[in-house]
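[1] What follows is a predicted structure for the sequence shown.
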Amino acid sequence: MAPDKPFGIDPEDFERALREAGIDIRDLLGKASEYIDRTSMSTVASLLGQFVQPERPRPPKPEGETAGETGSGVWVIYSIDDDGGARVEQVFPSELEALRAHRDNTDERRRVRFLPYGVPATALDTP
């Protein structure tokens with residue numbers, strides 16, 4: 001084989017074939033644009049609707065898990081002293097158990113809250 005014809009095709013023949021293909025594609029696009037101009041937009045939309053699905057509304061992205069959702073902590077019933085300090089009274093593994101124990105509460109100073117592991121009980125203090 002000659003070095004200028006590695007695939008048996010003359011470079012000029014290859015360029016000529018590409019040029020002719022470009023002209024044919026340009027003519028085809030011109031005919032398509034004339035057709036689209038003649039048809040109504042609803043027809044085009046229905047034609048494109050066969051190939052493109054409408055975008056469905058997506059649910060909002062969930063925020064990162066909280067420590068309460070991952071379970072890396074405890075639920076506590078605590079009370080606030082006169083000086084604003086918190087004192088833990090009871091500890092529960094789940095929110096449901098803590099709320100059940102707290103449901104008959106009449107004391108305004110007694111509250112329920114999730115306390116992640118490693119956080120001191122003084123975080124419950126009121127300033």
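    Thanks, I have the structure now.
[2] now the strands for the chain?
    Taking DSSP state E, the strands of the chain run over residues 73-80, 86-92, 110-116.
[3] Quickly run through the sheet partners of the first one, with directions.
    In the sheet, strand 73-80 lines up against strand 86-92 (antiparallel), strand 110-116 (antiparallel) (DSSP bridges).
[4] Tell me which of the strands of the chain lies nearest to Ser33.
    Of all the strands of the chain, strand 110-116 sits nearest to Ser33, with 63.0 Å by Cβ to Cβ. C-betas here are computed from N, CA, C, even on glycine.
[5] can the strands of the chain go into JSON lines with extra columns for mean neighbour count?
    Formatted as JSON lines, these follow (neighbours: other Cβ atoms under 10 Å):
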{"stretch": "strand 73-80", "mean neighbour count": "18"}
{"stretch": "strand 86-92", "mean neighbour count": "15"}
{"stretch": "strand 110-116", "mean neighbour count": "16"}
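[6] so which of the ones you listed gets nearest Gly30?
    So among the strands of the chain, strand 110-116 is nearest, using Cβ to Cβ, at 67.2 Å.
[7] ok, which stretches of the protein are helices?
    11-38, 41-49, 67-70, 95-102 (DSSP state H).
[8] how about low-confidence regions in the chain?
    1-7, 36-55, 61-71, 127 (pLDDT under 70).
[9] So what's the residue count around Leu18?
    A count of nearby residues for Leu18, using other Cβ atoms under 10 Å, gives 10.
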